[in-house]
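The sequence isn't on hand, but the structure is:
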């Protein structure tokens, strides 16, 4: 996340179509593949839930200067907006169905910006099998504010929650951690990296782990996505499950780009572990399922365990020598001056 601060202007060409003209031109095509959207011609969407399934619903709002840089490309903003919601669905072991969108845009955001934004949404809809079903479009003095409510399906009783972890469960995480936080610092000009592009891409375009859903349904006892930082989000899981966790910092998976950055400045390990915007899945499994999980070939790494005792909701991070590692911050929290 970005510390709240004024950003650069996002001005584009003056709007050439009013609200309804924009909806017809840019948003209606995004709803064409979902019959329940009713062509965006009615007051609400209407759709049924397949037998044997439950509906999973999640909402995230993104604000320019907080969740994305004001001058990020519109297609990248669209991708991040949709993908952070898809990540929530994946963390609940749900498959995407549809989403609603609210855009609050300054009047100087022109049709060219919105066209690029809609193109980015269309690309991600095709990639992830989800469709627009409705929403709202309003003007604002600023900044750009976008809100998505995404809906997914999960077999009845199979949603993955945060509260099912038991003592002795192993902690796993998908993908790699820290790329997005480092990428943000590159964009802010506070970090120089030899290979910055992969870091920037992970910040602008997170990768929702929907392919992991079958694995989570089979093995996970608890889980959530990593948005506020690995340590902070694992602490959320521990709090709901009534457990304490210990993780080994040397086992946390890093990309080659992140490893190179941390190798030059080990102090940035704290940023990697707490910076957030990873949108990976941290989850727990029973120790007896470890071999079967790894045999699936899923891109996951064991990083720790849940303790039979300890203070619920706490996470201890050990360094390579086994000593507790002091972190500069636990993770992102809104309504504070910065990460906390």
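Good, I have the coordinates. Keep in mind that this is a model prediction, so the values were computed, not measured.

how much space between the residue nearest to residue 175 when sequence neighbours are not counted and residue 208?
Closest residue to residue 175 apart from its sequence neighbours, by C-beta to C-beta, 6 or more residues apart in numbering: residue 280 at 4.5 Å. Bear in mind the C-beta positions are built from the backbone N, C-alpha and C, glycine included. For residue 280, the distance to residue 208 (C-beta to C-beta, to the nearest Å) stands at 10 Å.

neighbour-wise, which of these two wins?
More crowded of residue 280 and residue 208, by other C-beta atoms under 10 Å: residue 280, with 30 against 25.

and that one, what is it in contact with?
Counting by C-beta atoms under 8 Å, 6 or more residues apart in numbering, residue 280 touches 173, 174, 175, 176, 177, 209, 225, 226, 230.

shouldn't the second one be in contact with residue 211?
No: Residue 174 is beyond contact range of residue 211, at 9.5 Å (criterion: C-beta atoms under 8 Å).

between the two, which one's more packed in?
Neighbour comparison, residue 174 and residue 211: the larger count goes to residue 174, with 26 against 12 (by other C-beta under 10 Å).

Bridged to that one, which residues?
residue 300 (DSSP bridges).

before we move on, the earlier item: can you select the buried ones among the contacts of residue 280 for me in PyMOL?
To isolate the buried ones among those in PyMOL, judged by 16 or more other C-beta atoms under 10 Å, type:
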select buried, resi 173+174+175+176+177+209+225+226+230
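
Among the contacts of residue 280, which one sits closest to residue 52?
Relative to residue 52, the closest of the contacts of residue 280 is residue 209; by C-beta to C-beta it sits at 23.8 Å.

The closest one and residue 188, how far apart?
From residue 209 across to residue 188, the span is 26 Å (C-beta to C-beta).

Please apply the same query to residue 198.
Distance of residue 198 to residue 188, given as C-beta to C-beta: 17 Å.

out of those two, which sits in the busier spot?
Remark: of residue 198 and residue 188, residue 198 carries more neighbours, 17 against 12, as counted by other C-beta under 10 Å.

And the pLDDT for the residue nearest to that one when sequence neighbours are not counted?
In space, and not counting its chain neighbours, residue 198 is closest to residue 257: 4.7 Å by C-beta to C-beta, 6+ apart. Per-residue confidence for residue 257 comes out at a pLDDT of 97.

need the contact list for residue 257.
Taking C-beta under 8 Å, 6+ apart as the test, what residue 257 contacts is 179, 182, 193, 194, 195, 196, 198, 199.

how much space between the fifth one and residue 260?
As for residue 195, its distance to residue 260 is 7 Å (criterion: C-beta to C-beta).

try the third one
Look at residue 193 and residue 260: by C-beta to C-beta, they are 7 Å apart.

Of the two, give the one with the bigger neighbour count.
More crowded of residue 193 and residue 260, by other C-beta under 10 Å: residue 193, with 18 against 13.
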